[in-house]
Each structure stands twice: as C-alpha cells, then as structure tokens.
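> Return a 3D structure for these sequence lines:
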Amino acid sequence: MTRYVGSIDQGTTSTRFIIFDRGGDIISIAQKEHEQIYPRPGWVEHDPVEIWRNTQEVIAGALAQKGLTAGDLACVGITNQRETAIVWDRRTGLPLHNAVVWMDTRTDQLVAHFAAEGGQDRLRARTGLPLATYFSGLKLRWLLDNVPAVRKAAESGDLLFGTADSWVVWNLTGGTEGGRHLTDVTNASRTQMMDLETLDWDGEILDLFAIPRTCLPQIRSSSEVYGEGTGVLAGVPVAGILGDQQAALFGQACLQPGEAKNTYGTGCFMLMNTGHKPSHSSHGLLTTLAYKLGEDRAVYALEGSIAIAGALVQWLRDNLGLVKSAAEIEALATSVEDNGDVYFVPAFSGLYAPHWKESARGVIAGLTRFANKGHIARAALEATAYQTREVIDAMTKDSGVTIRELRVDGGMVVNEFLMQFQADILDVPVVRPRVVETTALGAAYAAGLATGYWHSTTDISDNWGIDKRWRPAMEESRREQLFAAWNKAVSCSLDWAV
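Now for the predicted structure:
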C-alpha cells in the first residue's frame, strides 16, 4: 500500500493542506484564504475560528481530490505563520480575541516602555531578538492589559496562549477533549520569551513581561510524535512542527552551516544555517532556532526578516486596483524599460531587518510626470530585491560567509523578472528548486523523519533538485547606482511616525 505524508501550512493569508510522496513530490493540494481584519491603522487581526474551520476544509479537500482517506497518511506535519498571537479558553475552546498578527504594530508603546531601560537589545543575548512589535510575547502582554476576558481567564487558570501551530495542534488532537497544548522550539524562539541555550521559557523575561507561565505551551522538538489527530485526520500521528521560515530552510535542504534560503511570501525571510551554536548578530539580524530533530542537538540560524514583499503586490491589487490579480504585476512591470528612477519603500509596519525602525512608513520616491503605473509596479517588485540585498550584506558581515548562490522559494519565485533582478542586484546566482512548496515540504519532512517514513536527512538532500537558475547579468556600476538610490529612498521613510 502506498502511503503519503500530509502537511498543514497555516500561513498569513491562507491555509493549505499538501500531500507529498516519498520523493517529496506533491500528490494533492487544497487552499483557502481567510479574512484580513484591520481594526485600526497598523493593526492586523485574523479570526482563529475561521482559520481552524478552513484547516479542516482543506484537509478534507486535498484528501478527496485523490480519493484518499486519513488511513493513507503515515503522519502529518504543521508549519505556520510564526509570531501571530492567539489566546483561548481551555474549558470552552473558544478564542478570547482575534489573533494578533505578526505584522501588527499595536505593541509599539510596550516596546518603547521596555526599551527605555536597557535599550532595544536588552534581551538579545538570551533570545536573539531585539525588542520589536514583531514578536508575540508583547502581543500577549497587550491582550492581558486590554482585553478583560483574557485577564479573567488568566486569573482563573483557563487561559491558553500560542502561535498558530499551537492553536491547530490543540484542536487537531482533541481540543477540549484532551487536546495537546504545545509548540516547537522554532516557534517558541519567536515569542521573545524562550532562552536560546536552555530551550525553555525564561523566568526572568516572564516576570519582566508579567506573563503567567501556566498559559504557555510546552516546548518540544520539531520532529517527534506529539499525539494523534482527530476528526478528518483521526488516528494520524501529528509528528512535526516548524515555523514557516524554518520549515522552508529545512525543505530547501539547507542542512549545513553557511547554506541559506530566501522565501518570498507575504513578507520576505532569509535564513542561514549556522550550526549547533547560536550566532549573535551585530548588524540587525535575528538569531533563531533552525530546527531540532527529536533528541538531536538543536541547529540555529541567522535570519533577516522583511515585513512586506508579496503583501505589496496584494496592496497594489486590493487598495489601489493597479492590477486585477497578482499574476498581472510582472507584465505591468516589464511594460517599461527601467524603474524611471522610482523607488517604493514598503514600510507599512515599520522597517524590519536590518534597520528595526518602528517609526518608518512607506514612501514612493522619485516621482515625476514621466512616471506611470508600470514604473510603480516595477519599483514594487524591485523593492523586494533591494531589501534582500540589505539582508545578505548584513548576513555576510555577521557570519563572514560569502553566499555563493541563493536558494529561493515562495509564491513570488514564479516571477521571472523579479528573480533575474534579484540575481543582478546581488551579483550571485538565484536557484529555484524543483518543488517550490518548500515550507509545507519541510514540515512534512520533520513529521516523516519522526515516524520513519524518511530514514535520515540524506533523503531530504537526495530529493532536492534544481528547476531553474538565474545568473547575474548587470554591470557593477549600474548595480551600485540603483542600490545607492534605494538607500536614499529608505532614508526618506525613516522616523515618519513619531
């Protein structure tokens, strides 16, 4: 009997269920978007009930496409949007507030409060992270301070907190009927409450943020059997959890120190494997957990996080009506010969790595009467490549490793113009793998390794293959001219919100 591995990919804009075979190829896929809720400028929320409902629907849909049942799956893995905070009641199983999404900026005053004594990097040595609105620990603090139902549940001991993986696992393994409240080291490392060395919640940070330990999930490895599924996945071992960017690193077979990948999704996230010791950044990058396989030693990574990449194309579509679908952006961008000296800095939620400027805001610079919608579309795509160049430059300074090629994945890698421009502005080859759904694939690999479906990480390396390679073709003088103008545009975006 042929068996497969399922992967739940709970992302920022949608939830997917993908079924893979032993070669890492896709057998079936189903996807459903969920609502983006914007209560105020800078605030972004999701409905956890909608996310769980969609999760069940896409699992059923992907199975039905190929006439499969839960019994055809050897195991299931989970990958997820990482820093999004969800709170719910352990008795009722109901959320106590909408999920506060990773790009939400409502905790800016809390960030300023805790940075006032000790600075923005006061917790970096222990957590690898600067104080920023990005991470979920202060989102939980905000919910405790501002939502009476959350505070009441905490006082009664009924409050449960987690990122999207914890919410999905708890529901998938039974919910109020014995659901497992846990997370893995990669997601825990994005809360700013876990110690990078001990891989446990840091008591001093919990005291500083006034977070009750009783509401936090148990921290587990990224690859082990956590429990069995119920409902549409009844009896299937739930055996792998990886935050989405770490899952992509794993799925891209970046298993050796110095190997790096970049994922072009809602945001843009570059990770470099740094081995078994955390490498602390002095150039604006994050130190994070890459993965931990069962009882093996943890593997760490340096990360450059960019808040807005594909989300900028979505914004051009939904807010400005510049295109009717995201797929149209490439044709519009290539309708002009160059960017017309137009630069688009998408600092909608401030600037993340390597700047970490909460007060930055989006700007379009260099406009003249000559500029048209093609130039704006081109500038929007180029913005992702420039931001990636900033992160790679910082990564090279921190690690001392010069990246010889960049492995890429995510929804934007089908954009031929962007991939060629990325190679040009980096002056290194850009490589797209044969299977671009590396985030879901990484979670599938974690689950499959835990259950013996795959025997070792050698199977992961053997499965990885190249679909296309873009080589740089831009003159050095032109490359540096463009990047210098980009930096000038970035300077215009800084300190806009005070």
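
> The closest residue to Gly162 other than its chain neighbours: what's it in contact with?
What sits nearest to Gly162 in space, not counting adjacent residues and going by C-beta to C-beta, 6 or more residues apart in numbering, is Pro217, at 4.9 Å. C-beta coordinates here come from the backbone N, C-alpha and C atoms, glycine included. Contacts for Pro217 (C-beta atoms under 8 Å, 6 or more residues apart in numbering) come out as Leu160, Phe161, Gly162, Ser166, His181, Leu182, Thr183, Ala188.

> I figured the first one hits Arg91, correct?
No: at 9.9 Å, Leu160 and Arg91 do not qualify as touching, with contact defined as C-beta atoms under 8 Å.

> So for these two, which residue has more residues nearby?
Using other C-beta atoms under 10 Å as the criterion, Leu160 and Arg91 rank with Leu160 on top: 24 against 12.

> Is the more buried one bridged to anything, and to what?
Leu160 forms beta bridges with Trp88, as assigned by DSSP bridges.

> now it: how far from Gln56?
19 Å (C-beta to C-beta, to the nearest Å).

> what's the answer for Gly400, then?
On the measure of C-beta to C-beta, Gly400 and Gln56 end up 47 Å apart.

> who has more neighbours, those two?
Gln56 (16 against 9).

> residue contacts, that one?
Contacts of Gln56 by C-beta under 8 Å, 6+ apart are Gly231, Val232.

> Could you pull out the strands in the stretch 151-300 of the chain for me?
159-162, 182-184, 218-220, 223-228, 237-243, 260-264, 268-275, 286-291, 299-306 (DSSP state E, counting those that start in this stretch).

> most packed of those strands?
Stretch with highest mean neighbour count among those: strand 237-243 (a mean of 30; mean count of other C-beta atoms under 10 Å).

> as a whole number, average confidence for it?
Mean per-residue pLDDT for strand 237-243: 97.

> Run me through the strand neighbours of that strand, direction for each.
strand 73-80 (parallel), strand 223-228 (antiparallel).

> can you give me the helices for the stretch 1-150 of the chain?
Assigned by DSSP state H, counting those that start in this stretch, the helices in the stretch 1-150 of the chain fall at 48-65, 108-115, 124-127, 136-146, 148-156.

> still on that earlier bit, between the strands paired with strand 237-243, which gets nearest to Ile306?
Proximity to Ile306 (C-beta to C-beta) singles out strand 73-80 among the strands paired with strand 237-243, at 18.5 Å.

> and the closest one, how far out from the chain's middle?
Put simply, strand 73-80 sits 17 Å off its chain's centre (C-alpha atoms, centre = their mean, to the nearest Å).

> Give the bridge partners for Leu271, please.
The partner list for Leu271 in beta bridges (DSSP bridges) reads Lys261, Glu303.

> for it, what are its contacts?
Shown in contact with Leu271 (C-beta under 8 Å, 6+ apart): 245-246, 248-249, 254, 260-261, 288, 290, 301-304.

> Could I get those in a markdown table, plus columns for distance to Lys373?
Output for the contacts of Leu271, formatted as a markdown table (distance: C-beta to C-beta, whole Å):
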| residue | distance to Lys373 |
| --- | --- |
| Gln245 | 32 |
| Gln246 | 37 |
| Ala248 | 32 |
| Leu249 | 36 |
| Cys254 | 37 |
| Ala260 | 34 |
| Lys261 | 32 |
| Thr288 | 38 |
| Ala290 | 40 |
| Ala301 | 38 |
| Leu302 | 37 |
| Glu303 | 34 |
| Gly304 | 30 |
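
> between the residues you listed, which is nearest Leu418?
When these are ranked by distance to Leu418 (C-beta to C-beta), Lys261 comes first, at 15.8 Å.

> does the closest one really touch Asn273, like I thought?
No: at 9.1 Å, Lys261 does not count as touching Asn273 under the criterion of C-beta under 8 Å.

> any common contacting residues for those two?
Common neighbours of Lys261 and Asn273 (C-beta under 8 Å, 6+ apart) are Leu249, Cys254.

> now the end-to-end length of stretch 397-407.
19 Å (C-alpha to C-alpha, to the nearest Å).

> in that stretch, what's buried?
Using 16 or more other C-beta atoms under 10 Å as the test for burial, stretch 397-407 gives Asp398, Ser399, Ile403, Glu405, Leu406, Arg407.

> ok, now how distant is Gly162 from Ala85?
From Gly162 across to Ala85, the span is 8 Å (C-beta to C-beta).

> Likewise for Ala377?
Relative to Ala85, and taking C-beta to C-beta, Ala377 is found at 34 Å.

> Just give me the neighbour total for Gly67.
As a burial measure, Gly67 scores 8 neighbours (other C-beta under 10 Å).

> same question but for Phe417, I mixed them up
17.

> same deal with Gly178?
Neighbours of Gly178 under the rule other C-beta under 10 Å: 10.

> show me what contacts the closest residue to Ala473 other than its chain neighbours?
Distances taken as C-beta to C-beta, 6+ apart place Asp424 nearest to Ala473, at 6.2 Å, with adjacent residues excluded. With contact set as C-beta under 8 Å, 6+ apart, Asp424 has these partners: Pro472, Ala473, Met474, Arg479.

> Name the SS class of the second one, please.
The one in question is Ala473. With DSSP: H, G, I helix; E, B strand; the rest coil as the basis, Ala473 sits in coil.

> who touches it in this structure?
Counting by C-beta under 8 Å, 6+ apart, Ala473 touches Gln420, Ala423, Asp424.

> And for the first one?
With contact taken as C-beta under 8 Å, 6+ apart, Pro472 is in contact with Ala423, Asp424, Leu426, Asp427, Val428, Pro429.

> And the strands in the stretch 351-498 of the chain?
363-365, 406-409, 430-433, 466-470.

> Alpha carbons only: can I get the third one in PDB?
So the one you mean is strand 430-433. The C-alpha trace of strand 430-433 is given here as PDB (Å, rounded to 0.1, in the frame of the first residue of the first chain):
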ATOM      1  CA  VAL A 430      19.500  32.600  -7.700                       C
ATOM      2  CA  VAL A 431      18.200  29.000  -7.700                       C
ATOM      3  CA  ARG A 432      14.600  27.800  -7.700                       C
ATOM      4  CA  PRO A 433      14.100  24.200  -6.600                       C
END
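
> Direction included, what does that strand pair against?
Strand 430-433 is paired, per DSSP bridges, with strand 406-409 (parallel), strand 466-470 (antiparallel).

> okay, now Val428: neighbour count?
By other C-beta under 10 Å, the residues close to Val428 number 18.

> now swap in Gln36 and tell me
Gln36: 15 neighbours (other C-beta under 10 Å).
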